[in-house]
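Engineer: build me a model from this:
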Amino acid sequence: MLARRISQRTPSNARYRHAIKHWNRAVRHLRQFIYTLGKVRRALANIPMYTIFDDHDITDDWNLNQAWCLRVLGRPLGRRIVQNALLAYTVFQAWGNTPEQFAEGKPGEKLLQAAQAWSASQGRDAKADEAIARYVGMPAYDPHTDLPILVRDGAVFILDRHPEAITWNYIVRSDRHEVIVLDTRTWRGYPADQKAIAPPMLLCPKAFEQQLVLPLQQIAEQTQIQTTFVIAPTNVFGLQVIDWIHHWQLQQEKVFSTDVGDAWNINVEALAKFLTTLFEERQQVVILSGDIHYSSVAHLSYARTHSKLQSVLVQLTASALKNEEILTRLIHTRLKHWLLPEKVRHWIGWSNPPNMVEISEKQLHHNRQLLTNSEWHCVLEWIPRNSVQNSRFQADISSLIAPWKRAENAKWKWLQPLMFWKFRWVQEGREVVGFNNLGLVHFELVDGSSYCKVIQDLYWFSSWYPTQVVYSRFESQLTPNKSLLR
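Structural biologist: The predicted model follows:
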């Protein structure tokens, strides 16, 4: 009987073999990553840049919803991981984003002094540790329950923070354009009247005012802005199939596996407020986004119902630099367009209180009263990608592949003609780039007019010739599509 119980509890040899195989594969990928890491670090060290964090800069699903905050920030280990990561981000990235916060007497300088003292004490200086937590914005926690303290902001809860905490969002100004960089991780609003897993507002009411409303009004008075760039770490609009998955997972209360709550459009009230806030002050907006492990371009045309004023928003997504998955490789191909093509989507909306409802093209055609009863409406279309082009960067990149990886590729080279799914024709999908990629954005004047178009070139490794870099081009007009707004 004892032997039977032991055998029932002991994993089979097949499970062990599977675990060993998975481990060895992960080690190979890690060795390849380390092999090129020095080259990437050297390149980035010589390129001026601005940055903003998302969850993987700190830890997976960081502040996704109230349940995550209570579970992770309610434990000493969770608080330590988040605090250490925020300190590293401060020193290596935020300091360069907003050096004025680190001037003499400012919270940034006090944080650096506390970090120096904490490091000199090898982590034993409790006062320095408390100062670091205060200046990086760690929420206070209840000493009786060990849970983070949440405070009300209108209809939502937000994480409490010290008034001297560093501000992560910022603005880069020019006389003709502006770049508004949003912090959508530490200012989330968690619905007070819903379950802890409910999708949050990515910006609570206070953050909306500080990060969008006041900056837009202030800059509008001082300069003549032609184009507004908004850096939104997570997508404003996602593929419809992803929306379906998110809503289904939310119904099943399984929100963590697919990050339900990170996209703006899962919380329609917050999305409506975001759009109306932008378009009250601007007519031309470009969103730069990432997070979702595939790249695309979406074009939104927006019009007020009882006004001739129209606006445009173009969302440029470039993701991921190094995190492609089986699913993203699949939607990269023609199969996605054949089975689940992205259709034009319509919404009608209201400003006070902010809300929006999606309607079908058929409903819109048969009942124009829907538009009359709304305050605004918008139309979303996905910009198709052009045919794949060979990169003009002809440098030999085989040196970026580790010797053992090159040997492995050579071993299977004879199978290449049989792998039809890697053929160039199959990889000519229409809507997204699902391989690891890097985006390059530029603007061109449309022939014979004063209007611009925005172009996003996405560079990726071809599957039909693994050491060749190719690129896919997306082109979008920076004007509303009047034919869709009629």
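Engineer: what about the residue nearest to F279 when sequence neighbours are not counted, helix or strand, and which?
Structural biologist: Leaving aside its chain neighbours, F279 sits nearest to S311 (4.5 Å; criterion: C-beta to C-beta, 6 or more residues apart in numbering). Where you see a C-beta, it was placed from the backbone N, CA and C, and this is true even at glycine. Secondary structure from DSSP states H and E places S311 in strand 310-317.
Engineer: show residues contacting that strand.
Structural biologist: 235-237, 275, 278-279, 282-290, 292, 294-304, 439, 441, 454, 456, 474, 476-480, 482, 485 (C-beta atoms under 8 Å, 6 or more residues apart in numbering).
Engineer: count the residues that sit near the residue nearest to F279.
Structural biologist: 22 (other C-beta atoms under 10 Å).
Engineer: with A192 instead?
Structural biologist: 14.
Engineer: ok, it - contacts?
Structural biologist: R152, A155, V156, F157.
Engineer: now stretch 359-369 - C-alpha only, PDB.
Structural biologist: Extracted in PDB, the C-alpha atoms of stretch 359-369 (Å, rounded to 0.1, in the frame of the first residue of the first chain):
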ATOM      1  CA  ILE A 359     -22.600  49.900 -33.100                       C
ATOM      2  CA  SER A 360     -22.500  47.900 -36.300                       C
ATOM      3  CA  GLU A 361     -22.400  49.400 -39.800                       C
ATOM      4  CA  LYS A 362     -25.800  47.900 -40.500                       C
ATOM      5  CA  GLN A 363     -27.300  49.600 -37.400                       C
ATOM      6  CA  LEU A 364     -25.800  52.900 -38.500                       C
ATOM      7  CA  HIS A 365     -27.200  52.500 -42.000                       C
ATOM      8  CA  HIS A 366     -30.700  51.700 -40.900                       C
ATOM      9  CA  ASN A 367     -31.000  54.100 -38.000                       C
ATOM     10  CA  ARG A 368     -29.300  57.400 -38.500                       C
ATOM     11  CA  GLN A 369     -31.100  58.700 -35.400                       C
END
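Engineer: average pLDDT for it?
Structural biologist: For stretch 359-369, the mean pLDDT works out to 87.
Engineer: repeat that for stretch 434-449.
Structural biologist: 90.
Engineer: any idea how far apart the tips of that stretch sit?
Structural biologist: Taking C-alpha to C-alpha, to the nearest Å, stretch 434-449 runs 34 Å from one end to the other.
Engineer: contacts for it, please.
Structural biologist: For stretch 434-449, contacts defined as C-beta under 8 Å, 6+ apart pick out 288, 293-295, 316, 318-324, 327-333, 451-461, 463, 477-478.
Engineer: of those residues, buried ones?
Structural biologist: With burial judged by 16 or more other C-beta atoms under 10 Å, the buried subset of the contacts of stretch 434-449 is 288, 293-295, 316, 318-320, 324, 328-329, 331-333, 452-461, 463, 477-478.
Engineer: let's see which of those residues end up in helices.
Structural biologist: T328, R329, I331 (DSSP state H).
Engineer: what pLDDT does the second one get?
Structural biologist: Spelled out, that is R329. At R329, the model reports a pLDDT of 93.
Engineer: give me the nearest residue to it, chain neighbours excluded.
Structural biologist: Per C-beta to C-beta, 6+ apart, closest to R329 is G434, 5.2 Å.
Engineer: kindly report the same for E253.
Structural biologist: Closest to E253 by C-beta to C-beta, 6+ apart is I197, at 6.1 Å.
Engineer: for the one you found, what are its contacts?
Structural biologist: Taking C-beta under 8 Å, 6+ apart as the test, what I197 contacts is N65, Q66, A67, L250, E253, V255.
Engineer: rerun that using 10 Å as the cut-off
Structural biologist: By C-beta atoms under 10 Å, 6 or more residues apart in numbering, I197 lies in contact with 64-68, 190, 250, 253-256, 260-261.
Engineer: cool, and D142?
Structural biologist: Per C-beta under 10 Å, 6+ apart, neighbours of D142: G74, P148, I149, L150.
Engineer: middle-most residue in the chain, spatially?
Structural biologist: The centre of the chain sits closest to T234, judged by C-alpha atoms, centre = their mean, with a distance of 2.7 Å.
Engineer: and it, what element?
Structural biologist: Counting by DSSP H and E, T234 is part of no helix or strand.
Engineer: so it versus Q389, what's the distance?
Structural biologist: 29 Å (C-beta to C-beta, to the nearest Å).
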